[in-house]
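Engineer: based on what follows, work out the 3D shape:
(2 chains)
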Protein chains: 2
Amino acid sequence: MAMPERSSTADAAYPRPLDRALLGLEPDPDDPRTWSFVVTPELSRTDGRFYGGAALAAALTASEIVTGRAALWSTTQLVATADRGERIRLAVDVVASGRSVDQVHVRGLVGERLVFNAVGATATPRTGAVAGSGQVMPAVPRPEDCDDWHGILRSQIGGDGASPSVGAPTVGHHLVSEYRAAPLLDPFTDRPGHLALWARLTSDLVSAPTVMSPAAIGFVADMVPIAVCRACGVEGAGTSLDNSLRMGHPVETEWVLLELDAHVAVGGFGHGHVHVWSPDGVMLATGTQSARLFSFSDFMEQLAR
Amino acid sequence: MAMPERSSTADAAYPRPLDRALLGLEPDPDDPRTWSFVVTPELSRTDGRFYGGAALAAALTASEIVTGRAALWSTTQLVATADRGERIRLAVDVVASGRSVDQVHVRGLVGERLVFNAVGATATPRTGAVAGSGQVMPAVPRPEDCDDWHGILRSQIGGDGASPSVGAPTVGHHLVSEYRAAPLLDPFTDRPGHLALWARLTSDLVSAPTVMSPAAIGFVADMVPIAVCRACGVEGAGTSLDNSLRMGHPVETEWVLLELDAHVAVGGFGHGHVHVWSPDGVMLATGTQSARLFSFSDFMEQLAR
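Structural biologist: Here you go, the predicted structure:
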């Protein structure tokens, strides 16, 4: 499919410097329109496999590079694992191109092996068009007043929330991110699957305050299965089948609030959402996920066998 | 990709009779594993173009036919229109196949033209696995006590909600569906983008009470843009970029409650969700959509030019 005309001028804007650094993106020397990256410890789960939040981040970034517009949404289907050191190539088809929106199909490939399969769109906002918000951020303490969340989890279960392992993780996406437990202060929001976390990127990737890019938000927001397990009365997590993100207002911020909420789970498969807020209550994005769920007790039993 | 072993025994179960009738699905005489359907007035919007809810329904059904499992989720990207009378062929790739879950990529094609592009999964529930619900159905009057919703809309704007046109529609998916406005009775749920509709399939497709299939739920649930517009303070609708649905509990029911809620809209592009409930409060499914939004007043101005 032919590239949109604007892409020649857009190469300077995308990939955004933050995303390029976060994912370690490199253009192919023989084909500068094709980008790839290597699965590093920072782009892995604590079990060493490729992290779903990084797949979503890569899909969002690839759609921006090829269309020259900001990412509007992506559903990134997580098909297969990739191991540390493997190089993932981003193959983008622009399946429809309009005046204000482009639709894309992005595949992440190791050789010919499909690692993730994403559909989505990029868009140019239209001046004076319909805009607004349907939700209100829950009241929570400021990040400075909240406790480290991985520390709390490790003290309880000997692992981290997204993919538990015994002891402090030496591999995992939290090498470049930080989470803090944000207790909900509103008495009406006491559903067990409704919880909030402050999240930010750490290390020298970020010069704060920065605009958290769609990719960076997708990278930190991959926490929905934890909320779904809590709603079901178990402490657990999940293997994501997809990571979906839909973008709201771009705002300069270091911290983002992940407001997680469970929808429903049947027979070990469940769904939920995450609303992503700036500290002053602007909705930056909204995400959903489906996952294969497990309780930490089942997981530890399997490890012990 | 090789078919999962179970597919040979599953052909009897899928497509479900309701879905086959709703979509007019037919197997290819030369290749009984490939199914197609024709865009009829019932599968159209009121402007005569192919209806996004029908695309989602077809993607869900195609994933069930090929894998022999019940649909778990689908994000169906709406790429291009199709006109009445065109035949849409369903091309399914099983991109991953596991013990309890299969991942699929479904394309809807008119000849070689891509009409929709869907990623998703089908699953077999695991006995004793994590299950539960994180949400509670809002209190609303029973469907018998609610007014026809299209009648209300037509009296206000001279069209229907999903794609307005002047006068009573003679073409459109509501030829086989019915909607009633369900006022929310809970005083805490007074956000303008939070609204509810009762929906059911009509005509002789359905012998009530029946299990509303994933496809049938997807067919009636395509209403999120209306909620997003209301949250933004305008009466309007949208052109969907995708229809996504994630399945909860299958329950025998004629009516389903569509609990719509807006997330956020920027520059004419917005997002929201729909929770789908049985009348006794079981969460049947949960959906999300992104759409290009317009107000009815802008739309009528364009029509008048």
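Engineer: so where do the helices sit in chain A?
Structural biologist: Remark: helices assigned in chain A by DSSP state H are A:7-10, A:17-23, A:52-67, A:149-157, A:214-220, A:224-231, A:296-304.
Engineer: residue of the stretch 201-305 of chain A closest to chain B, please.
Structural biologist: Per CB to the nearest CB, A:Gly267 is where the stretch 201-305 of chain A lies closest to chain B, at 2.2 Å. Where C-beta positions appear, they are placed from N, C-alpha and C, glycine not excepted.
Engineer: wait, that residue sits on B:Pro125?
Structural biologist: Yes: if you go by CB atoms under 8 Å, A:Gly267 and B:Pro125 touch, sitting 2.2 Å apart.
Engineer: mean confidence for stretch A:174-193?
Structural biologist: The predicted model assigns stretch A:174-193 a mean pLDDT of 86.
Engineer: show me how far that stretch is from its chain's centre.
Structural biologist: How far stretch A:174-193 lies from its chain's middle: 17 Å, per CA atoms, centre = their mean, to the nearest Å.
Engineer: from one end of it to the other, what's the distance?
Structural biologist: Chord length of stretch A:174-193, first to last residue, is 22 Å (CA to CA, to the nearest Å).
Engineer: helix or strand, whichever it is, which one in chain A has the lowest mean pLDDT?
Structural biologist: Counting by mean pLDDT, DSSP states H and E, chain A has its least confident helix or strand at helix A:7-10, which shows a mean of 42.
Engineer: close to chain B: what parts of the stretch 1-150 of chain A are there?
Structural biologist: A:72-73, A:75, A:77, A:79-80, A:95-96, A:100-101, A:103, A:105, A:114, A:117-121, A:123-127, A:129-136 (CB under 8 Å from any CB of the partner chain).
Engineer: for whichever residue of the stretch 1-150 of chain A sits closest to chain B, phi and psi?
Structural biologist: Here the residue of the stretch 1-150 of chain A nearest chain B is A:Pro125; by CB to the nearest CB that distance is 2.2 Å. When read as degrees, to the nearest 10, the backbone of A:Pro125 gives phi -60, psi 140.
Engineer: tell me how many other residues crowd it.
Structural biologist: A:Pro125 has 18 neighbours, counted by other CB atoms under 10 Å in any protein chain shown.
Engineer: and it, how far from B:Ala265?
Structural biologist: In this view, A:Pro125 and B:Ala265 are 10 Å apart by CB to CB, to the nearest Å.
Engineer: which residue lies nearest the spatial centre of chain A?
Structural biologist: A:Gly218 (2.4 Å; CA atoms, centre = their mean).
Engineer: now that residue. Nearest residue, chain neighbours left out?
Structural biologist: A:Leu56 (4.0 Å; CB to CB, 6 or more residues apart in numbering or on different chains).
Engineer: now do the contacts for the one you found.
Structural biologist: With contact set as CB atoms under 8 Å, 6 or more residues apart in numbering or on different chains, A:Leu56 has these partners: A:Ser74, A:Thr76, A:Ala118, A:Ala215, A:Gly218, A:Phe219, A:Asp222, A:Asn243, A:Ser244, A:Leu245.
Engineer: strands - which of those residues land there?
Structural biologist: A:Ser74, A:Thr76, A:Ala118, A:Asn243, A:Ser244, A:Leu245 (DSSP state E).
Engineer: tell me who's in contact with the last one.
Structural biologist: Okay, so that is A:Leu245. A:Leu56, A:Leu60, A:Trp73, A:Ser74, A:Pro214, A:Ile217, A:Gly218, A:Ala221, A:Ala285, A:Thr286, A:Gly287.
Engineer: what do you get if the cut-off is 10 Å, keeping everything else the same?
Structural biologist: Residues near A:Leu245 by CB atoms under 10 Å, 6 or more residues apart in numbering or on different chains: A:53, A:56-57, A:59-60, A:71-76, A:120, A:214-215, A:217-219, A:221-222, A:274, A:276, A:284-289, B:271.
Engineer: next one: the second one
Structural biologist: A:Thr76 makes contacts with A:52-60, A:106, A:108, A:116-120, A:218, A:240, A:242-245, A:289, B:75, B:119, as judged by CB under 10 Å, 6+ apart.
Engineer: swap in the first one?
Structural biologist: Counting by CB under 10 Å, 6+ apart, A:Ser74 touches A:55-63, A:104, A:106, A:118-122, A:214-215, A:218, A:242-247, A:287, B:75, B:77, B:242, B:290.
Engineer: what about the strands in the stretch 101-250 of chain A?
Structural biologist: Ranges of strands within the stretch 101-250 of chain A are A:101-110, A:113-123, A:132-133, A:177-182, A:195-201, A:236-240, A:242-247, based on DSSP state E, counting those that start in this stretch.
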